[in-house]
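Novice: dropping a prediction and its sequence here:
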Amino acid sequence: MVLRGYRDGDLDGMFRLDEVCFETPFRFSRAAMRRFAEARRARVVIAELGGELVGFCIVHVETVEREEVGYVVTLDVALAWRRQGLAGMLMERGEAEAREAGCSSMALHVFTGNEAAIRFYERMGYAFWARDEDFYGVGVDGLVYRKGIEG
């Protein structure tokens, strides 16, 4: 398993994996995926095995109230690689890249009904911060989780 940065040519595999991992309204359009992955302050971690993209994490470095925060845009892992530690590896690398970019904390949204993801993020040290009503669309709330990552 190789963890590496984003390269030209990764977008198709990322988009296809996102379609497998998430249902509407949680998945990104191809244009949105490109914008998120290629944003100036994006940190993208790709998991590749034998030339196949099997997971990825997109983190954006954002300035919030004069603090640099790493925001997890998405975390996608192929079904065959779930529950094998890959998501944790991707998150840890994303956090390390955010820390290197000057971030002191991480934040993310997770759908209120995604109990497996909520448990995963809590195991990774994230704590509930707030509820964001209609984050994913009308009547589809998100939970905001945060974690300090200072050295």
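Specialist: The structure has been received and is ready for your questions. Residues are numbered from 1 along each chain as shown.

Novice: please make it C-alpha for all contacts and neighbour counts, starting now.
Specialist: Fine.

Novice: helices and strands around the top strand by length along the chain, which ones?
Specialist: Ranked by residue count under DSSP state E, the longest strand found in the chain is strand 52-64. Other elements packing on strand 52-64 under the criterion 3 or more C-alpha pairs under 8 Å, 6 or more residues apart in numbering; DSSP states H and E are helix 10-21, helix 30-38, strand 42-49, strand 67-77, helix 86-100.

Novice: just put the ones you listed in CSV and tack on mean pLDDT and distance to Ala107.
Specialist: Shown next, in CSV, are the helices and strands packed on strand 52-64 (pLDDT from 0 to 100; distance: least, C-alpha to C-alpha, whole Å):
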stretch, mean pLDDT, distance to Ala107
helix 10-21, 96, 20
helix 30-38, 97, 16
strand 42-49, 98, 14
strand 67-77, 97, 5
helix 86-100, 97, 10
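
Novice: so which bits of stretch 94-103 are buried?
Specialist: For stretch 94-103, burial by neighbour count (16 or more other C-alpha atoms under 10 Å) applies to Gly94, Glu95, Ala96, Glu97, Ala98, Arg99, Cys103.

Novice: what do you get for stretch 28-37?
Specialist: Going by neighbour count (16+ other C-alpha under 10 Å), the buried part of stretch 28-37 is Phe28, Arg30, Met33, Arg34, Phe36, Ala37.

Novice: before we move on, back to that, to His109, which of the helices and strands packed on strand 52-64 lies closest?
Specialist: strand 67-77 (7.7 Å; C-alpha to C-alpha).
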